[in-house]
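J.: Requesting a structural model of the entry that follows:
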Amino acid sequence: MSIRIVTIEREYGSGGAAIAQALATRLGWKLWDRELTAEIAKVANVDQRAAQRCDERVDNLLYRLFKVYARGSYERSLPVGGRATFDTDCMVETMHEVVADVASRGRCVIVGRGSAYFLRGRQDAFHVFTYAPLDEKVRRLELIGKSEKEALQLINEIDRERASFIRHYFNADWPNRSLYNLMINTKFGDEYVIEMVLQHIAALEKLASLQSATA
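T.: Numbers count the residues shown, from 1 in each chain. Coordinates of the predicted model:
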């Protein structure tokens with residue numbers, strides 16, 4: 001058995017997306033993060049920004065737009081193209097199709113979007129969950145220009161939405177510890193995390209090879 005897919009789920013602010021990008025570069029694999037949302041929008045024939053509004057959220061589109069408007073987000077002025085009824089249910093249905101297609105090509109790192117749940121039956125997939133202490137997540141978000149107050153609000157709200165998304169569509173807790181091959185604290189640095197992921201993949205492939213040889 002050889003690992004051809006890595007999924008990375010993450011607490012908001014733990015650096016999971018940046019780690020996924022660096023890991024994909026190290027492996028020479030395709031990264032599917034924002035590109036995945038773009039592909040979902042393409043398959044569903046909707047404006048990409050409509051897909052972004054539903055990304056990892058359980059709210060239907062109209063309710064989400066109301067919340068966005070109430071908070072004064074820039075998204076309130078974005079037009080919705082394609083199907084006017086595109087909502088999170090449509091998003092998840094299309095997401096399943098797209099994630100399965102991406103996985104079938106192999107040699108890819110997929111960020112979030114329920115990919116670990118969609119691909120939980122694949123033996124060639126390795127699932128990672130990144131987390132970090134609150135102060136580390138705030139520090140990382142401040143580095144990209146967020147204030148401490150804004151960082152704390154985003155950490156709370158986005159992870160709550162992700163948990164609701166997983167609970168609603170997969171009837172599971174978030175994070176679902178039994179799903180992941182590796183759950184790792186990113187406070188030790190991105191390079192440390194990448195090395196640990198690669199070491200665990202190598203160890204799993206070696207174990208599978210030994211088991212196959214003795215079968």
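J.: CA atoms for contacts and neighbours, from now on please.
T.: Fine.
J.: how about Gln21, what does it touch?
T.: By CA atoms under 8 Å, 6 or more residues apart in numbering, the contact set of Gln21 is Leu31, Val109.
J.: Distance check, it against Met183.
T.: Noted for Gln21: a distance of 18 Å to Met183, by CA to CA, to the nearest Å.
J.: Can you report how many residues lie near Ser178?
T.: When neighbours are defined as other CA atoms under 10 Å, Ser178 has 7 of them.
J.: Now do the same for it: its pLDDT.
T.: pLDDT for Ser178: 93.
J.: List the residues that contact the closest residue to Ala125 other than its chain neighbours.
T.: With sequence-adjacent residues excluded and distances taken as CA to CA, 6 or more residues apart in numbering, Ala125 is closest to Ile5, at 4.6 Å. Contacts for Ile5 (CA under 8 Å, 6+ apart) come out as Ala103, Gly106, Arg107, Cys108, Val109, Ile110, Asp124, Ala125, Phe126.
J.: mind redoing it with 10 Å?
T.: By CA atoms under 10 Å, 6 or more residues apart in numbering, Ile5 lies in contact with 29-30, 102-110, 119, 122-127.
J.: now do Glu97
T.: Counting by CA under 10 Å, 6+ apart, Glu97 touches Ile40, Val43, Phe118.
J.: related to what we said a few turns ago, quick check: ChimeraX command selecting the buried ones in the contacts of Ile5.
T.: Entered in ChimeraX, the line below selects the buried ones among those, by 16 or more other CA atoms under 10 Å:
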select :29,30,102,103,106,107,108,109,110,119,124,125,126,127
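J.: Just the ones of the contacts of Ile5 in helices?
T.: Counted as lying in helices by DSSP state H, out of the contacts of Ile5, are Val102, Ala103, Ser104, Arg105.
J.: can you map out the helices along the chain?
T.: With helices called from DSSP H, the chain shows them at 16-27, 34-44, 48-54, 61-71, 88-105, 115-118, 134-143, 148-170, 190-214.
J.: So which of those helices is nearest Met1?
T.: Nearest to Met1 among the helices of the chain is helix 190-214 (6.0 Å), distances taken as CA to CA.
J.: for this structure, what are the low-confidence residue spans?
T.: Scanning the chain for pLDDT under 70 picks out 46-88, 215.
J.: bridging residues for the nearest residue to Gly112 once chain neighbours are set aside?
T.: Nearest residue to Gly112, sequence neighbours excluded (CA to CA, 6+ apart): Glu9, at 4.7 Å. Beta-bridge partners of Glu9, counted by DSSP bridges, are Phe129.
J.: Relative to Val109, how far out is Glu9?
T.: For Glu9, the distance to Val109 equals 11 Å [CA to CA].
J.: Equivalent analysis for Glu142, please.
T.: Here Glu142 is placed at a distance of 26 Å from Val109 (CA to CA).
J.: tally of neighbours for Thr186?
T.: Neighbour count of Thr186, defined by other CA under 10 Å: 23.
J.: List phi and psi for the residue nearest to it when sequence neighbours are not counted.
T.: Once flanking residues are discounted, Thr186 sits nearest to Ala132: 5.5 Å by CA to CA, 6+ apart. Phi and psi for Ala132, reported as degrees, to the nearest 10, are phi -160, psi 160.
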